[in-house]
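Asks: I'll drop the sequence and a predicted model, then ask my questions.
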Amino acid sequence: MFAVVRTGGKQYRVAEGDVITVEKIAGEAGDSVSFDDVLMAGEGADLKDVKNLTVSGEIVEQGRGEKVVIFKKKRRHNYRRKNGHRQMLTQIRITGIGGAKKAPAKKTAAAKTEAKADTAETAKAAPAKKAPAKKAPAKKTAAAKTTTAAKKAPAKKAPAKKAPAKKAAPKTDDKDA
């Protein structure tokens, strides 16, 4: 039996016993994981309903992929940038296909009243502590006011006036003179 599972923005075709490498999933080696986002499942040419289907697996190891080198260059502009990246990866061994999704357990009325009673008892046992009163900010003295005034930026001077541009001498048409 096979299934197509989506995780980390990619799709993987898996079968029981396969070891796949996916983008990092939280957990340590030996932890179990289940994939609820099953896109397709079946055996041979027969397809199954994936509405209540999950794929379970076990984390084999956490690691990093190969280094990818990013090199940018613009000709004749003395522009070169070199960068690298190693993607965090998780290896997962598929342990089973076909487990039904577990619906969240509904609480009965008796369980709800029991839970309320427990919280009420703990609230009575430990009275709430009052928050400490906030201190009022200290008032500034006359000396402190003058020092803050002195710290302010000095008054700006008016920009210097430019000298008027010189006028060109008038042209004369006398060639003989």
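Replies: Thanks, I have it.
Asks: what about stretch 43-55, how long is it end to end?
Replies: 15 Å (Cα to Cα, to the nearest Å).
Asks: ok, and what's touching it?
Replies: By Cβ atoms under 8 Å, 6 or more residues apart in numbering, the residues outside stretch 43-55 that reach it are 1-3, 5, 14, 34-36, 38-42, 94, 96-101. For every residue, glycine as well, the C-beta is placed using N, CA and C.
Asks: among the residues you listed, which are located in strands?
Replies: If you go by DSSP state E, the contacts of stretch 43-55 have 2-3, 5, 14, 34-35, 38-42, 94, 96-100 in strands.
Asks: mark which of these are buried, thanks.
Replies: Neighbour-count burial (16 or more other Cβ atoms under 10 Å) is assigned, among the ones in strands among the contacts of stretch 43-55, to 2, 3, 5, 14, 35, 38, 41, 94, 97.
Asks: and those residues, which two are the farthest apart?
Replies: Using Cβ to Cβ, these span at most 13.3 Å, a distance reached by 2 and 35.
Asks: between the buried ones among the ones in strands among the contacts of stretch 43-55, which sits nearest residue 172?
Replies: residue 5 (95.8 Å).
Asks: bridging residues for the closest one?
Replies: residue 12, residue 38 (DSSP bridges).
Asks: equivalent analysis for residue 43, please.
Replies: Going by DSSP bridges, residue 43 forms beta bridges with residue 46.
Asks: change the start of the numbering to 49 and stick with it
Replies: That works, and once the first residue is 49, the last one we named lands at residue 91.
Asks: gap between it and residue 55?
Replies: Distance of residue 91 to residue 55, computed by Cβ to Cβ, to the nearest Å: 22 Å.
Asks: so between these two, which is more surrounded?
Replies: residue 55 (19 against 11; other Cβ atoms under 10 Å).
Asks: let me see the contact set for the residue lying closest to the more buried one once chain neighbours are set aside.
Replies: Closest residue to residue 55 apart from its sequence neighbours, by Cβ to Cβ, 6 or more residues apart in numbering: residue 70 at 5.3 Å. Contacts for residue 70 (Cβ under 8 Å, 6+ apart) come out as 55, 56, 58, 60, 137, 138, 140.
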